[in-house]
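[1] no sequence on hand, only this structure:
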């Protein structure tokens, strides 16, 4: 599951950077933030506060 989340997060961040380069600043920022939120490392929306795995 962690590897799948990592792949999705990388794809979102890459697409966000490409959107930024193409001039769609708001979409690019949103995609990068969502990519960071989905990723298994660091800040993740799928990890509950206080849970130790």
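    Yes, it's here. Please read all numbers here as calculations on a predicted model, not as lab measurements.
[2] on the pLDDT front, check residue 32 for me.
    According to the prediction, residue 32 has pLDDT 91.
[3] just to check, it is in contact with residue 14?
    No - with contacts defined as C-beta atoms under 8 Å, residue 32 does not count as touching residue 14, sitting 9.5 Å away. In this view, the C-beta of every residue, glycine as well, is placed from N, C-alpha and C.
[4] which of the two has more residues huddled nearby?
    Neighbour comparison, residue 32 and residue 14: the larger count goes to residue 32, with 19 against 13 (by other C-beta atoms under 10 Å).
[5] show me what contacts that one?
    Contacts for residue 32 (C-beta atoms under 8 Å, 6 or more residues apart in numbering) come out as 12-13, 16-17, 20.
[6] pLDDT wise, what is residue 1 at?
    Confidence per residue is given as pLDDT, and for residue 1 that number is 71.
[7] quick one: residue 25 and residue 16, what's the gap?
    Using C-beta to C-beta, to the nearest Å, we find residue 25 at a distance of 10 Å from residue 16.
[8] neighbour count winner among the two?
    A direct count of neighbours by other C-beta under 10 Å for residue 25 and residue 16 places residue 16 higher, at 21 against 10.
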